[in-house]
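Student: predicted model and sequence follow; I will ask about them next.
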Amino acid sequence: MDALGFDAKLYELIPEPWRHFLFEEIEPTEEELASHAPAFSPELIEKMLPYLEPLYKYYFRCEFRGAERFPENPPVFCVANHNAMGTVEIPMLIYAWAKHFGHSRPAHGLAHRMVFQVPGVKDLLPRVGAVPAAPEVALRTLNAGKDLLVFPGGDWEASRPFSQRGKIDFDQRKGFVRIALQTGVPIAPIVICGAEETMLIFSRGEGIAHALGIDVSMRMKTLPVTPQSLFMLWKLFQSARGRANPLFMPLWLANSWLGFPWLPSKIVFEILDPIDMRAEVGHIEDEKERLQAGYDLVTSRMQAKMDELQAERTTFLG
């Protein structure tokens, strides 16, 4: 436990199975990496839609634009920016996708392998189309003719501070460019504007994540500092002094990522024109330059659209 840099006294306060889930290093299993064809359940999605609809239509007042630009035939490699830990935009995108494309064309999404370890969640994820985030899984999914969604910025972009909202920040992660070049599958950029305002993030909390050791155990480099997480942190310190239930530890960590209750920010999803990565940068001989050119191409187009969407909105109100 010392290797993770976490206070042993607090560690002892955490009940099982949360102790193992939060602080034992996660390694992908062969079963995880082989699950490139998830047991997608249209029936489950249909059951979810009535609950998501009020949030989509009235609370977040979502708009889904650019569906006419989406290639008619799969596979398509969807690349989107990540916001507010994804807790709002992902269910809203599930709703929008089901309404616009139906269940005959389910979208699979790369999800952090950590979430496949969460009790009660890991069995749900494959049924809504999630697959473990690994290059081999992405290649298998696309080569099988399935549409695939990725958030290249991961937890880094999803936890960016409120002051940096409206910025596309994939942290120079270029794996999606390499996969697009390998498969020849077109990239469909999806710009998500407004979701970052559903959670007030003061800081990414990289130092906190490192101090707790979750940058090693869970491969999460950030632990967002929000009003909700500060409240939970106060409760955690009370717990350390024996004044509160030790369950506040997992609750604090969970709410740092969930950010509940969410702010009612208007959210706009816009699909951009598809990009043939081979045609655009495949001629560049140097691999490093080729990947950088592809990365810059996608992020610059997404940032230009994000700037347009930001210019037409009012903070929170949309």
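Tutor: Great, that's in hand.
Student: just the helices in the chain please.
Tutor: With DSSP state H as the criterion, the chain has helices at 8-13, 18-23, 30-34, 42-54, 89-101, 135-143, 154-158, 175-183, 206-212, 214-217, 227-240, 248-258, 277-281, 287-311.
Student: so which of those helices is the most packed in?
Tutor: When the helices of the chain are scored by mean count of other CB atoms under 10 Å, the highest mean neighbour count falls to helix 154-158 (a mean of 23). Just so you know, the C-beta spots here come from the backbone N, C-alpha and C atoms, and that holds for glycine as well.
Student: now for that one, which elements pack on it?
Tutor: Applying 3 or more CB pairs under 8 Å, 6 or more residues apart in numbering; DSSP states H and E, we find helix 154-158 packed against no helix or strand.
Student: out of the helices of the chain, which comes closest to H82?
Tutor: Set against H82 and scored by CB to CB, the helices of the chain come closest in helix 154-158, at 4.0 Å.
Student: quick one: residues contacting R165.
Tutor: The contact partners of R165, by CB atoms under 8 Å, 6 or more residues apart in numbering, come to 196-197.
Student: let's number from 2 now, not from 1
Tutor: Shifting the count to begin at 2 puts that one at R166.
Student: quick one: R314 and D308 touch, right?
Tutor: No. Between R314 and D308 there is no contact under CB atoms under 8 Å: 11.3 Å.
Student: ok so, going back, any chance of the helices of the chain in CSV, plus distance to F270 and mean pLDDT?
Tutor: Formatted as CSV, these follow (distance: least, CB to CB, whole Å; pLDDT from 0 to 100):
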stretch, distance to F270, mean pLDDT
helix 9-14, 40, 48
helix 19-24, 32, 48
helix 31-35, 28, 50
helix 43-55, 14, 95
helix 90-102, 6, 95
helix 136-144, 21, 94
helix 155-159, 16, 92
helix 176-184, 18, 98
helix 207-213, 29, 82
helix 215-218, 30, 72
helix 228-241, 25, 69
helix 249-259, 21, 59
helix 278-282, 22, 99
helix 288-312, 10, 98
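Student: ok, which of the ones you listed comes nearest P265?
Tutor: helix 43-55 (11.6 Å).
Student: contacts for the closest one?
Tutor: 92-93, 95-96, 99-100, 104, 107, 128-129.
Student: need the residues you listed in JSON lines with distance to L213, can you?
Tutor: Shown next, in JSON lines, are the contacts of helix 43-55 (distance: CB to CB, whole Å):
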{"residue": "P92", "distance to L213": "27"}
{"residue": "M93", "distance to L213": "30"}
{"residue": "I95", "distance to L213": "30"}
{"residue": "Y96", "distance to L213": "33"}
{"residue": "A99", "distance to L213": "37"}
{"residue": "K100", "distance to L213": "39"}
{"residue": "H104", "distance to L213": "40"}
{"residue": "P107", "distance to L213": "36"}
{"residue": "R128", "distance to L213": "31"}
{"residue": "V129", "distance to L213": "29"}
